[in-house]
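# Got a sequence here, can you build the structure:
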Amino acid sequence: MKKKRRLRKGLLAKLCSPLLVIFSLLLAFQIYKLNILPVKYLIPVVLVVVLLALILFLLSMFKTGRRGVRILVTILTVILTIVYGAGNYYIYKTDEMFAKIDDLTDKIANTETIRVMEGSPVSSLSDLNGKTIGLCTAQDAEGIPYMEKALEKDNVQYTKQDFASVIDLTAALYNGEIDAMIINDGFLGIIHDVEDFTFVTTSTKVIYSEVYYTPRPNVIQDSQDQVNVTKEPFTVLISGNDTYGSLGENSRSDVNMLVTVNPKSGEVLMTSIPRDYYVEVDCPEGIACAQGEMDKLTHTGLHGIETTEATIEKALGININYTVRVNFSSLVNLVDALGGIDVVVDKGLAVKTFYANETLEGVSEGKNHLEGERALAFARERHAYVDGDNQRVRNQQIVLRAIIDKITSPSILLNYGNFVDAIGGAFETDMPSSQMKDLIRYQLTVNPHWKFESCSLRGEGSTEYCAELGTAAYVAIPDEESVRIAREKIEAVLNGKSAGSIQDPGASDPAGTIEQPEQDEETGLQDDAVYDPYDSYDSSAQYEDPYSPDQQESDSAYTDPYDPNDAGESQYYNPNWTLDDEQ
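A predicted model of the protein is given here:
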């Protein structure tokens, strides 16, 4: 009788212990396969994982004299079985994430559409019989044949009219000169730049569309670009597209940042480049773009991150080793996968309604919990601030820090599956996952003390001809001195020196060192004594509207037509806003 009771009491341990051994062997294999742990950690970790399981297996299978020991063995066996099971899941998801990163598609998705005005009675291809259809062969030669073939298949008889630029094409549709237009939707972003066509996506409607694919050039990096990331310095271009959805589609590169890393010295330099920088476009081999023409840097993204990379390399006289591309959906999905993030908004920087998304609640002073869409709107906001783009960059840094805080907190374990799923599809890069793992191993082995420094290129507002638009638009003329200094800072880091050794007299922080502002323990707000949100704003500067040469110098010269409370003098009013600026 006593023997049966002891059997029942040890039954749970005996059932779990074989499963525990299987989980331990699988976990040891997955840890080895993941190849992230340094050898000095890998062997001890694998041994501990397997030996613990074997010891508990032996204790559960053989008689243990004391009741307390049996209970302890049962509890430890159950707990370790759960832990090993979860560990297998987490490592499997991590390995899956790296596999997604390596799965760089060799094709670019393009959406070609036939659009008519929203109020047009035309609703299908057959309705275009006898109509005039506009197109732009000069800028959309690859996509037009797909639409022409569809029209031919439906036996549509129409008049074709070619235009020099997509802007001229859109103007003709708006003015009623044509009944429909054929266009690659990737161009809608630059059309939005023009004041008259700000709402092109809602003032027109699609009656037919097709997605076609073009080869992605330079999928495999040239050998001179690949380096040993644990021993040699390297530069990464981080480019942010202004689109939602798939990363497979090209769009404007709204955010462009160079991150130069020297693993030996521990120096990391972040160099920000204005989206409107007026530069000479450089096209990699196999890409048809406005080679040698002048345009905004953001427009180069329409021809892929490879074009943005080549253009920046030429403008700064540097070599970029790797690229990383993200978009709006990347941030939204990542923040949502983390269960939201917490950001602190300082005094005077509250926003009632985001200009980037007026349907969302803004942020108030102090601590705010943001879900994905609000985090994106907060990171994009600039019209609400006197300091405009400068404050937007600060907001982006705040969001990035909040994401890192959430990732490194214990709560990540509850959302780890969703997190790695979001990471796997959050960015597109040409850095192999093997090199990412090398960096992680290097961090675990050497644990270098990284020193972050920053640098921003400067420019002066102007109105110049933009090749992609086919007309003049607002641009930022590069300040050659800031370009020279940025180049020297990058070279300093590559040579093992501090970027701070190169002084930049034009910057608010000549050394470029990022210092974390102090915070009030009760409110969480940053101490005004050490942080000035308007430190780079020159209140005496004159801001010109390129479309209003006779601008009056008054506080009410600009108003936000989408803000009913904007009288031109509110504390959130941005005097640097111009009507052709994108959100």
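# CA atoms for contacts and neighbours, from now on please.
Fine.
# next structured bit after the helix-or-strand element of the chain with minimal mean pLDDT?
Among the helices and strands of the chain, helix 416-424 carries the lowest confidence by mean pLDDT, DSSP states H and E, at a mean of 70. Sequence-wise, the next helix or strand downstream of helix 416-424 (DSSP states H and E) is strand 428-429.
# and P478, how far is that from C455?
According to C-alpha to C-alpha, to the nearest Å, P478 and C455 sit 14 Å apart.
# Settle it for me: which of the two has more neighbours?
Ranked by neighbour count (other C-alpha atoms under 10 Å), P478 and C455 place C455 first, with 27 against 20.
# May I have the beta-bridge partners of the closest residue to the more buried one other than its chain neighbours?
Spatially, and ignoring its direct neighbours in sequence, C455 is nearest to T271 (4.6 Å; C-alpha to C-alpha, 6 or more residues apart in numbering). Beta-bridge pairing of T271 under DSSP bridges involves L258, C455.
# check contacts around T271.
Contacts for T271 (C-alpha atoms under 8 Å, 6 or more residues apart in numbering) come out as 257-259, 454-457, 486.
# and L56, which of the three is it?
Three-state call for L56 (DSSP: H, G, I helix; E, B strand; the rest coil): helix.
# From what I see, it and I75 are in contact.
No. The criterion here is C-alpha atoms under 8 Å, and L56 misses it with I75 at 10.2 Å.
# the more surrounded of those two?
More crowded of L56 and I75, by other C-alpha under 10 Å: L56, with 22 against 14.
# what's downstream of the helix or strand harbouring I101, the next helix or strand?
Using DSSP H and E, I101 sits within helix 67-102. Beyond helix 67-102 on the C-terminal side, the first helix or strand identified by DSSP H and E is strand 107-117.
# how much distance is there from that following strand to the middle of the chain?
Centroid separation between strand 107-117 and its chain, computed with C-alpha atoms, centre = their mean, to the nearest Å, is 23 Å.
# Contact partners for T298?
Going by C-alpha under 8 Å, 6+ apart, T298 touches 252-255, 275-277, 308.
# Now do the SS call for it.
Here T298 is helix, with the state taken from three-state DSSP.
# Next, give phi and psi for the closest residue to it other than its chain neighbours.
Leaving aside its chain neighbours, T298 sits nearest to S253 (4.5 Å; criterion: C-alpha to C-alpha, 6+ apart). With angles defined as degrees, to the nearest 10, S253 sits at phi -90, psi 90.
# S253 - how many residues pack around it?
28.
# let's number from 4 now, not from 1
Will do, 4 is the new start, and the previous item becomes S256.
# so how far is D507 from it?
Going from S256 to D507 by C-alpha to C-alpha gives 26 Å.
# now do E467
Distance of E467 to D507, given as C-alpha to C-alpha: 27 Å.
# Same question for F26.
For F26 relative to D507 (C-alpha to C-alpha), the value is 57 Å.
# Could I get the contacts of T301 in TSV, plus columns for secondary structure?
As requested, those are exported to TSV (three-state DSSP):
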residue	secondary structure
R255	coil
S256	strand
D257	strand
V258	strand
R278	coil
D279	coil
Y280	strand
T311	helix
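# What is the nearest of these to E471?
Lowest distance from E471 to these (C-alpha to C-alpha) belongs to R255, with 11.0 Å.
# if I pick the closest one, what's in contact with it?
192-193, 244-245, 301-305.
# quick one: least confident of the residues you listed?
Least confident entry in those, by pLDDT: D245, with 73.
# still on that earlier bit, my read is that the residue nearest to T301 contacts K299, right?
No. Using C-alpha under 8 Å, S256 makes no contact with K299, being 9.9 Å away.
# Are there residues contacting both of the two? Which ones?
Contacts common to S256 and K299, judged by C-alpha under 8 Å, 6+ apart, are R278.
# Who does the residue sitting nearest the centre point of the chain form a beta bridge with?
Closest residue to the average C-alpha location of the chain: V329 at 3.3 Å, with C-alpha atoms, centre = their mean. Going by DSSP bridges, V329 is paired in beta bridges with G243.
# Let me see the confidence value for it.
Value for V329, per-residue pLDDT: 82.
# which residues does it contact?
Residues counted as contacts of V329 (C-alpha under 8 Å, 6+ apart) are 241-244, 250, 429-431.
# Present these as CSV; the columns should include neighbour count and distance to A476.
Converted to CSV, the contacts of V329 look like this (neighbours: other C-alpha atoms under 10 Å; distance: C-alpha to C-alpha, whole Å):
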residue, neighbour count, distance to A476
I241, 22, 25
S242, 25, 22
G243, 23, 21
N244, 25, 20
L250, 22, 27
A429, 21, 32
F430, 21, 30
E431, 22, 30
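# Out of those, which is nearest to I170?
When these are compared against I170 (criterion: C-alpha to C-alpha), the nearest one is N244, at 20.8 Å.
# helix, strand or coil for M150?
From three-state DSSP, the assignment for M150 is helix.
# List the buried residues for stretch 83-95?
Going by neighbour count (16 or more other C-alpha atoms under 10 Å), the buried part of stretch 83-95 is 83-84, 87-88, 90-95.
# again with stretch 24-40
Buried residues in stretch 24-40 (16+ other C-alpha under 10 Å): 24-31, 33-35, 37-40.
# How far away from the center of its chain is that stretch?
Worked out by C-alpha atoms, centre = their mean, stretch 24-40 lies 32 Å from the chain centre.
# For the contacts of T274, name the two members farthest from one another.
V262 and L460 (13.6 Å).
# The two: which has the busier surroundings?
Neighbour count, other C-alpha under 10 Å: between V262 and L460, V262 has more, with 22 against 19.
# Leaving out the residues flanking it, which one is nearest to the more buried one?
Among residues not flanking V262 along the chain, M273 sits closest, at 4.6 Å (C-alpha to C-alpha, 6+ apart).
# So that neighbour is in contact with S457, correct?
Yes. Taking C-alpha under 8 Å as the definition, M273 is a contact partner of S457 at 4.7 Å.
# who touches both of those two?
By C-alpha under 8 Å, 6+ apart, no residue touches both M273 and S457.
# Show me the helices in this protein, by range?
Ranges of helices within the chain are 5-37, 42-64, 70-105, 147-156, 169-177, 191-194, 203-206, 308-319, 331-340, 375-383, 391-410, 419-427, 436-449, 483-497, based on DSSP state H.
# Going by mean pLDDT, which of the ones you listed comes out lowest?
Among the helices of the chain, helix 419-427 carries the lowest mean pLDDT (a mean of 70).
# residues near the nearest residue to V347 once chain neighbours are set aside, how many?
Closest residue in space to V347, ignoring its immediate chain neighbours: K370 at 4.4 Å, by C-alpha to C-alpha, 6+ apart. K370 has 15 neighbours, counted by other C-alpha under 10 Å.
# Same question for Q438.
Q438: 15 neighbours (other C-alpha under 10 Å).
# now T432
19.
# go on, the one 5 residues further on?
By the other C-alpha under 10 Å criterion, the neighbourhood of S437 contains 14 residues.
# and if you look at L75?
Counted with other C-alpha under 10 Å, L75 comes out at 12.
# ok, it to L15 distance?
Using C-alpha to C-alpha, L75 is found at 12 Å from L15.
# With V449 instead?
Taking C-alpha to C-alpha, one finds V449 at 43 Å from L15.
# So for those two, which sits in the more crowded spot?
L15 (15 against 10).
# Verify the contact between V402 and R383 for me.
No. Judged on C-alpha under 8 Å, V402 makes no contact with R383 at a distance of 10.6 Å.
# quick one: T207 and E252, what's the gap?
21 Å.
# Hmm, I typed the wrong one, I wanted Y149.
In terms of C-alpha to C-alpha, Y149 sits 17 Å off from E252.
# Who has more neighbours out of these two?
A direct count of neighbours by other C-alpha under 10 Å for Y149 and E252 places E252 higher, at 20 against 16.
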